[in-house]
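Enquirer: I'd like to go over a predicted model; first the sequence, then the structure.
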Amino acid sequence: MFGLLHPLTAAVTYTRWLHLLLPGAVVSVWLFISTDTPWVPVVLAALVGLIPGMRLAEGIQAQLLLTPAERGDPEASVSAAPATSWRERWRTALWLEVRLVASGLTGMATVWLAATSVDLVRSASGSQPSDEWFAAGLGTHWWAAVLAPVPLVMLLAIVVSSGELITAAARWLLGPTPVQRLTALEARTEQLLERNRIARELHDSIGHALTVAVVQAGAARTAHDPEFTERALVAIEETGRDALDDLERVLRVLRESGPAPGQRPSLSEADRLLDSARGSGAEVDAEMSGPLEQVPGPVSREGYRILQESLTNVLRHSGSVPVRVRIRVADNRLELEVTNPLTGSAGTPGGGSGLRGIRERAALLGGNAKTGPYRGEWMVHASLPLHGIR
């Protein structure tokens, strides 16, 4: 019982009713001007529907009054975009004709049933009903009061059902085309990929900073050397400041407000990572060859993150051990390799999300990455193509 009454308490029921009555009001103005040409609004609606912008206007109106819960939803069942093809224009023209017919029927039902209910009340109160509606000739009877609510109940049922029908018609005639659905799906996919990239950014940047801070703090606690402790605190401060900068940049992207975020770090800043690892006690032997400054931005930035995660893994799982870093640009590829001795106490760091992120970064650029033990050492090797990157 309550389920049947629920539509009567929903605001959307009455906004749909308003949507149905609006065209009737416009037609009434025209009929007031000229009663001899009732066909003009029908022809005019068909012609106006062929204007590309009319589909946008009707879509916005339908979203506001018919499907307000979907307003602003990129996957809304009613599209709010101009017509881009003749098929969409004809569908818009047909939609306007459907609106005119539905408005005429709903308007007549509204006026007729409301007037009938008033006449029944007049009959029950002793006044003579009008001569134009259902109660004409009824006379005055007290029992007419019992029938007075019936037309109103019928009117409410018509309002609910006609609202559902016009909404279904809007979704059919004004719904997104396959191209628009594909565009929305691509935008959603891009958004998910961007969020996944941001998650990797946070993992790499913050994870690296925390690892360096933990290693430096542990070394300073056991060294009992004021000079070494001072250097460790400076390294922790610099690493933490860099991590805060990265965090602020990522948060700006998530908030989508404020000034544009700064550039992501690239391999031109690799010395910062190497110095940070050296400051944590690792003996880093680095060799870079080839025109690193000519590496495309996306490849250079992802290469930086791969190097960062590789050094973080060394510090986290093996501690202060010798690390060999080789970065080479040749044959239209960026080759990046980080190796370090395997330690029996640390085990092999092969199951974390960081190494999986390295492989994902390489795959997104059309390259490949290998991680794992190799000849008594732990090796991370990434090969990224330079061609075809914009």
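Expert: Okay, I see it.

Enquirer: how's the chain carved up into domains?
Expert: 2-176, 182-385 (automatic domain parsing).

Enquirer: take the ones you listed and write them to TSV, including mean pLDDT and mean neighbour count.
Expert: No exception for glycine: its C-beta is placed from N, CA and C like everyone else's. Output for the domains of the chain, formatted as TSV (pLDDT from 0 to 100; neighbours: other C-beta atoms under 10 Å):
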stretch	mean pLDDT	mean neighbour count
domain 2-176	84	16
domain 182-385	77	17
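
Enquirer: isn't residue 358 up against residue 369?
Expert: Yes: contact criterion C-beta atoms under 8 Å: residue 358 and residue 369 qualify, at 5.1 Å.

Enquirer: mind checking how far residue 54 is from residue 29?
Expert: Distance of residue 54 to residue 29, computed by C-beta to C-beta, to the nearest Å: 19 Å.

Enquirer: can you check residue 75 too?
Expert: From residue 75 to residue 29 the distance is 37 Å (C-beta to C-beta).

Enquirer: what's the answer for residue 50, then?
Expert: 22 Å.

Enquirer: show me what the strand or helix carrying residue 315 is packed against.
Expert: When secondary structure is defined by DSSP states H and E, residue 315 falls within helix 297-317. On a contact count with 3 or more C-beta pairs under 8 Å, 6 or more residues apart in numbering; DSSP states H and E, helix 297-317 meets helix 178-223, helix 270-279, strand 322-330, strand 333-341, helix 353-364, strand 377-385.

Enquirer: mind putting these in CSV, distance to residue 116 included?
Expert: Converted to CSV, the helices and strands packed on helix 297-317 look like this (distance: least, C-beta to C-beta, whole Å):
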stretch, distance to residue 116
helix 178-223, 45
helix 270-279, 83
strand 322-330, 86
strand 333-341, 81
helix 353-364, 68
strand 377-385, 78
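
Enquirer: what pairs with the closest residue to residue 336 other than its chain neighbours across the strands?
Expert: Spatial nearest neighbour of residue 336, chain neighbours left out: residue 382 (4.6 Å); criterion: C-beta to C-beta, 6 or more residues apart in numbering. Assessed by DSSP bridges, residue 382 has beta-bridge partners residue 336, residue 369.

Enquirer: got the contact list for residue 382?
Expert: Counting by C-beta atoms under 8 Å, 6 or more residues apart in numbering, residue 382 touches 303, 306, 334-337, 358, 361-362, 367-370.

Enquirer: for residue 67, see how far away the closest residue in space to residue 65 that isn't next to it in sequence is.
Expert: Nearest residue to residue 65, sequence neighbours excluded (C-beta to C-beta, 6+ apart): residue 19, at 4.0 Å. Per C-beta to C-beta, residue 19 is found 10 Å from residue 67.

Enquirer: with residue 380 instead?
Expert: Relative to residue 67, and taking C-beta to C-beta, residue 380 is found at 51 Å.

Enquirer: just say helix, strand or coil for residue 373.
Expert: strand (DSSP: H, G, I helix; E, B strand; the rest coil).

Enquirer: which one, of the helices and strands packed on helix 297-317, ends up nearest to residue 316?
Expert: helix 178-223 (4.9 Å; C-beta to C-beta).

Enquirer: now list whatever residues contact both of residue 358 and residue 369.
Expert: 306, 380, 382.

Enquirer: between the helix holding residue 315 and strand 377-385, how big is the angle?
Expert: 170 degrees (axes from the mean of the first three to the mean of the last three C-alpha atoms, to 10 degrees).

Enquirer: gap between helix 297-317 and the chain center?
Expert: 29 Å (C-alpha atoms, centre = their mean, to the nearest Å).

Enquirer: could you check the angle helix 270-279 makes with that helix?
Expert: 0 degrees.

Enquirer: just the C-alpha atoms of helix 297-317, please, in CSV.
Expert: Coordinates of each C-alpha in helix 297-317 appear next as CSV, following Å, rounded to 0.1, in the frame of the first residue of the first chain:
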residue,chain,number,x,y,z
GLY,A,297,58.8,13.8,-21.1
PRO,A,298,56.6,10.7,-20.4
VAL,A,299,59.5,8.3,-20.7
SER,A,300,61.8,10.5,-18.6
ARG,A,301,59.2,10.9,-15.8
GLU,A,302,58.3,7.2,-15.7
GLY,A,303,62.0,6.3,-15.8
TYR,A,304,62.6,8.6,-12.7
ARG,A,305,59.8,6.7,-10.8
ILE,A,306,61.2,3.4,-11.8
LEU,A,307,64.7,4.4,-10.5
GLN,A,308,63.1,5.8,-7.3
GLU,A,309,61.2,2.6,-6.6
SER,A,310,64.3,0.5,-7.4
LEU,A,311,66.5,2.4,-4.9
THR,A,312,63.7,2.3,-2.3
ASN,A,313,63.5,-1.5,-2.6
VAL,A,314,67.3,-1.7,-2.1
LEU,A,315,67.2,0.4,1.1
ARG,A,316,64.1,-1.3,2.4
HIS,A,317,65.1,-4.9,1.8
